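> how would this look folded up:
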Amino acid sequence: MVVTGGGRGIGRAVAERLLDDGHTVVAVDLDRGALEWLAEHPGAARARSVAGSAADDEAVQQAADLAESAPGGLCGWVNNAAVFHDASLHN
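All right, here's what the predicted structure looks like:
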């Protein structure tokens, strides 16, 4: 499973749940430091990370390759990451 925005917030919660359920997870996040929680998770042996933008083809390909090489292969993708520079929740 690949989870974009997996470093914090909803993406992290999704990634944690998937790890808790026994899945291998590749978390993608712009902030490398936000991915450090993966090393402390009880399912760390099944956790992978990619520091980069989900809008970057190279980062997405790296995440897909990591997921494909895991037992069970790439079986799902959660597009959680989003950055809006020209909009806010109240608009």
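
> element containing residue 62, please.
helix 57-68 (DSSP states H and E).

> Show me what that helix is packed against.
Judged by 3 or more CB pairs under 8 Å, 6 or more residues apart in numbering; DSSP states H and E, helix 57-68 is in contact with strand 2-4, strand 25-29, strand 47-51. Using the backbone N, CA and C atoms, a C-beta is placed for each residue, glycine as well.

> Relative to residue 10, which of the ones you listed is closest?
Closest approach to residue 10 among those (CB to CB): strand 2-4, 9.5 Å.

> List the beta-bridge partners for the residue most central in space within the chain.
Nearest to the centroid of the C-alpha atoms of the chain, with distances taken as CA atoms, centre = their mean, sits residue 27, at 2.0 Å. Beta-bridge pairing of residue 27 under DSSP bridges involves residue 3, residue 49.

> Put together TSV for the helices and strands packed on helix 57-68, with mean pLDDT on each row.
Shown next, in TSV, are the helices and strands packed on helix 57-68 (pLDDT from 0 to 100):
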stretch	mean pLDDT
strand 2-4	97
strand 25-29	98
strand 47-51	98
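
> Columns distance to residue 13 on top of those, output as JSON lines?
Below are these laid out as JSON lines (distance: least, CB to CB, whole Å):
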{"stretch": "strand 2-4", "distance to residue 13": "10"}
{"stretch": "strand 25-29", "distance to residue 13": "11"}
{"stretch": "strand 47-51", "distance to residue 13": "14"}
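
> Thanks a lot, see you next time.
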